[in-house]
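K.L.:
Give the three-dimensional model of this entry:
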Amino acid sequence: REITHARRFSLGAFLTKTSHGDFSSLQINFLRFGFASVMLLMVKAVASLRLWGQEGGLKWARLPRGNDMSAKEWKITLGATLLVTNIAPWLFVTSIIRLPLGLASTLNSLGPLYEPPLAYVVKGSPIQKGAVAGGVLACLGVAALTL
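P.N.:
As a prediction, the model looks like this:
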């Protein structure tokens, strides 16, 4: 499965690099997330129908209400959503357009660097030794490929 994902990722990065034309990285992300939003709204609409034998539709399609989340949790969730779904892909597409494709793809593999601190801030999860080791290995891999 990982090899299939890597192939699809590489193909998507290659297509973005070679065929972005006159589109900026913001326009490319607008198309990506605009299409994804329409698809998710359609899935939500179908899942909310009473066809599934439950009042109000399928349980996974319901949004949290009332006391499910505190105001602080909502702020963190909305901030993380803005970062993950808009800013990070915009920066990645910008790097694909402006940098050599291999370097841009390598820099994209640095997820282990920001995931543990983000989990600590959002969930209060302690940073594990394995996460630190993963971050160090990611840095060493990028250094080996770029130096």
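K.L.:
center of the protein - which residue?
P.N.:
Closest residue to the average C-alpha location of the chain: Val84 at 4.8 Å, with C-alpha atoms, centre = their mean.
K.L.:
Show the pLDDT at it.
P.N.:
Confidence at Val84, expressed as pLDDT, is 76.
K.L.:
Phe14 now?
P.N.:
Looking at Phe14, its pLDDT reads 78.
K.L.:
and it, helix, strand or coil?
P.N.:
At Phe14, secondary structure determined by DSSP: H, G, I helix; E, B strand; the rest coil is helix.
K.L.:
That one and Asp22, how far apart?
P.N.:
19 Å (C-beta to C-beta, to the nearest Å). C-beta coordinates here come from the backbone N, C-alpha and C atoms, glycine included.
K.L.:
Comparing those two, which residue is more hemmed in?
P.N.:
Phe14 (13 against 5; other C-beta atoms under 10 Å).
K.L.:
If we ignore the residues flanking it in sequence, what's nearest that one?
P.N.:
Leu101 (6.6 Å; C-beta to C-beta, 6 or more residues apart in numbering).
K.L.:
What ranges does the protein have for its strands?
P.N.:
Along the chain, counting by DSSP state E, no stretch forms strands.
K.L.:
Quick check: which ranges of it have low pLDDT?
P.N.:
1-3, 5-6, 50-67, 111 (pLDDT under 70).
K.L.:
Okay, helices next: where are they in this structure?
P.N.:
2-19, 25-47, 71-82, 88-98, 101-108, 111-123, 129-146 (DSSP state H).
K.L.:
now the third one: how far from the chain's centre is it?
P.N.:
The chain centroid and the centroid of helix 71-82 are separated by 15 Å under C-alpha atoms, centre = their mean, to the nearest Å.
K.L.:
could you give the angle of that helix to helix 88-98?
P.N.:
20 degrees (axes from the mean of the first three to the mean of the last three C-alpha atoms, to 10 degrees).
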